[in-house]
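# predicted model and sequence below, questions to follow.
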Amino acid sequence: MKQYLGKKKVMRMYLDNEDTFKGKPLWQHLIHEAKSEGIAGATVFKGVAGMGAHSELHTFEIWSLSQKLPLVIEMIDEEGKLRAFLSRCDSAITEGLVTLHDAEVITYKHNKFNGEDA
């Protein structure tokens, strides 16, 4: 799995949990698209508090029925692959922030990958 080692890019998408696309949570749509397009890795992080584009503070409140909370989707792969993915999925994102950062993968361990030993 040496193809995953070395210089990569990390793309972070700052959204919120109430964002949807075609009736489904936006984060779910983006993760499924990332998987189908072969993005090396993706994780969704749910925040307990955050401040959005409109300077609204979003926090977890136990007594509230509706919880508008920040989400960060982090994906890692080659820069070209991430930019192409964002270009294809951009119309699904109506509000949010996307950043791209350098990363170096120094270790990757996995017992099995596509039926092969790592």
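Okay, I see it. Numbering: from 1, shown residues only.
# what about the closest residue to Ile73 other than its chain neighbours, is that helix, strand or coil?
Excluding its sequence neighbours, the residue lying closest to Ile73 (C-beta to C-beta, 6 or more residues apart in numbering) is Met13, at 4.3 Å. (Each C-beta comes from the backbone N, C-alpha and C, glycine too.) Reduced to three states with DSSP: H, G, I helix; E, B strand; the rest coil, the structure at Met13 is strand.
# next, count neighbours for the closest residue to Ile106 other than its chain neighbours.
Nearest residue to Ile106 in three dimensions, chain neighbours excluded: Leu5, at 7.1 Å (C-beta to C-beta, 6+ apart). The number of residues packed near Leu5 is 12, by other C-beta atoms under 10 Å.
# is it true that Leu5 touches Val105?
Yes - using C-beta atoms under 8 Å, Leu5 makes contact with Val105 at a distance of 5.1 Å.
# next, the contact list for Lys46, please.
Contacts of Lys46 were listed using C-beta atoms under 8 Å, 6 or more residues apart in numbering, and they are Asn17, Leu69, Pro70, Leu71.
# please tell me which one of the residues you listed counts the most neighbours.
Using other C-beta under 10 Å as the neighbour criterion, Leu71 leads the contacts of Lys46 with 21 neighbours.
# doesn't it lie inside a strand?
Yes - according to three-state DSSP, Leu71 belongs to a strand.
# quick check: it vs Glu79, distance?
Leu71 is 23 Å from Glu79, where distance means C-beta to C-beta, to the nearest Å.
# returning to that earlier point: just curious, which of the contacts of Lys46 is nearest to Leu97?
Minimum distance to Leu97 across the contacts of Lys46 is 10.4 Å, recorded for Pro70 (C-beta to C-beta).
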